[in-house]
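Asks: Sequence below, structure please.
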Amino acid sequence: MRGRLAVTSEKDLDALFAAAVARGDVPGLVALAADGNGLVYQGAFGGREQVGDQAMSAASVFWLASMTKAVTSVAAMQLVAAGRLALDAPIAALLPELADRPVFAGFDAAGRPRLRPMRRPITLRHLLTHTAGFGYDMWRADIGRLMAQAGVPQTTSRRRAALTMPLLFDPGEGWCYGVNTDFVGKAVEVASGQTLRAYFQDHIFGPLGMTDTDFMLREDMHSRRVRLHQRGRAGDLAPSDIDPTPEPGIFLGGGGLFGTGPDYLRFLRMLLGGGSLDGVRILAPETVALMAENQIGDLRAGVMTTAMPALTNDVDLLPGQRGGWGLGFLINPAPLPGRRHAGSLAWAGLANTYYWIDRAANLTGVIMMQILPFADTKALSLFADFERMLYDGARA
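Replies: The predicted structure is shown next:
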């Protein structure tokens, strides 16, 4: 679909993505971008599976994984604005299971975990900024070891039992990407009296016209779903045996959604527009501005070392920068050369889906693939080239 980029830039983007599919770098992808006036680029390339004739389209359904976190964060901030959640009150008043969560202090000589009481309560702000002390086993081997000893399922199981891990540090004393936003989702449910699925539908998806985003796959969504693929050590791709669909009735705010590119772009456009899209207001402008402020001081966000190479590579989405974190987003403190401005918001999903929101340039974009492990070199290269070419086109 042609937007308002220079025609040569659109053709260059089409050629970039078509060539990546032809080389076998990715089975298929969907990429979209918009400015404050609307769509500027949309393209779908390759297939929903590596083999077969199931062509990728804008209507293809992706596992959004951790791109769910931004939606959950918006839901929480709606309730903060309504006075039904508080950023700095102890969250245990709503979630008693967080009242006495122990802090992991290493293993003793016999290999048993040493645990101690936490020194301060967990707040919603801690959870939204990943400073509560929770981690993910795919990036923290010590968490994986603790979970295995206790018989706790891996976080990729998408079961609530995976949330029973201890803290890695006292709340507010570090940054560690983890299951924090799953607890935010639970807080939204308690404060609203709705399931997370119902709350999203009533307060975000319905108002924004996001008709193809859900925790549960309708029959028509299932028929459009993109197959997850695994990249081998030699760089080859093969269908993955991992099934990201949840148990019925489990709505995890950290990674449970499925959706389409056009739907997610509507969500991003709402944030780009200061909380409003097509005359529908989801958040107040001052709330969006607060979410876009670095909330973690001098802590560094966005750098993770793999403990499960089949699921994720080492991650550093802002090389050379000390990334900040807002109320739901990674923030780059300096410009990315040829790409987004300083202070932009971004994050991603485990299966190599990526987005950014550049309020200074009035530009947002999303690119969706379905490949493991995360931070795939070829996927990241496409993401970076997509962004650069959009900015080149905007200047043309």
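
Asks: Can you give the domain ranges for the protein?
Replies: 7-78+195-395, 85-189 (automatic domain parsing).

Asks: what residue lies at the spatial centre of the protein?
Replies: Met67 (2.5 Å; CA atoms, centre = their mean).

Asks: and it, what is it in contact with?
Replies: Neighbour list for Met67: Leu257, Tyr264, Trp347, Ala348, Gly349, Thr353, Tyr355 [criterion: CB atoms under 8 Å, 6 or more residues apart in numbering]. Any C-beta I mention is one placed from the backbone N, CA and C, and that applies to glycine too.

Asks: quick one: it from Ala59, how far?
Replies: Distance, Met67 to Ala59, by CB to CB, to the nearest Å: 18 Å.

Asks: Next: Val315.
Replies: Going from Val315 to Ala59 by CB to CB gives 30 Å.

Asks: pLDDT weak spots in this protein?
Replies: Along the chain, the model assigns pLDDT under 70 to residues 1-4, 7, 248, 394-396.

Asks: how about the helices in this structure?
Replies: 7-23, 68-81, 124-128, 141-150, 180-192, 196-200, 206-208, 219-222, 261-272, 285-291, 377-395 (DSSP state H).

Asks: Quick check: buried residues in the fourth one?
Replies: Of the residues in helix 141-150, those buried by neighbour count under the rule 16 or more other CB atoms under 10 Å are Ile143, Gly144, Leu146, Met147.

Asks: same deal with the longest one?
Replies: Residues of helix 377-395 classed as buried under the neighbour-count rule (16+ other CB under 10 Å) are 378-380, 382-383, 385-387, 389-394.

Asks: Give the other helices and strands that it contacts.
Replies: Here helix 377-395 touches helix 7-23, strand 28-35, strand 38-46, strand 353-358, strand 363-368, going by 3 or more CB pairs under 8 Å, 6 or more residues apart in numbering; DSSP states H and E.

Asks: Kindly format the C-alpha coordinates of it as PDB.
Replies: Output in PDB follows, covering the C-alpha atoms of helix 377-395 (Å, rounded to 0.1, in the frame of the first residue of the first chain):
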ATOM      1  CA  THR A 377      20.900 -10.900  13.600                       C
ATOM      2  CA  LYS A 378      19.100 -11.000  10.200                       C
ATOM      3  CA  ALA A 379      15.900  -9.800  11.800                       C
ATOM      4  CA  LEU A 380      17.600  -7.000  13.600                       C
ATOM      5  CA  SER A 381      19.300  -5.900  10.400                       C
ATOM      6  CA  LEU A 382      16.000  -5.700   8.600                       C
ATOM      7  CA  PHE A 383      14.500  -3.700  11.500                       C
ATOM      8  CA  ALA A 384      17.400  -1.200  11.300                       C
ATOM      9  CA  ASP A 385      17.300  -0.900   7.500                       C
ATOM     10  CA  PHE A 386      13.500  -0.400   7.600                       C
ATOM     11  CA  GLU A 387      13.900   2.400  10.100                       C
ATOM     12  CA  ARG A 388      16.800   4.100   8.300                       C
ATOM     13  CA  MET A 389      15.000   4.000   4.900                       C
ATOM     14  CA  LEU A 390      11.900   5.500   6.400                       C
ATOM     15  CA  TYR A 391      13.800   8.400   7.800                       C
ATOM     16  CA  ASP A 392      15.600   8.800   4.500                       C
ATOM     17  CA  GLY A 393      12.200   8.900   2.700                       C
ATOM     18  CA  ALA A 394      10.800  11.400   5.200                       C
ATOM     19  CA  ARG A 395      13.700  13.700   4.300                       C
END
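
Asks: Just want the angle from it to strand 363-368.
Replies: Using axes from the mean of the first three to the mean of the last three CA atoms, to 10 degrees, the inter-axis angle of helix 377-395 relative to strand 363-368 is 150 degrees.

Asks: Which residues does helix 377-395 contact?
Replies: For helix 377-395, contacts defined as CB under 8 Å, 6+ apart pick out 5-6, 8-10, 12-13, 16-17, 20, 25-26, 29, 31, 33, 35, 40-41, 313, 336, 338-340, 352, 354, 356, 361, 363, 365, 367, 369, 371.
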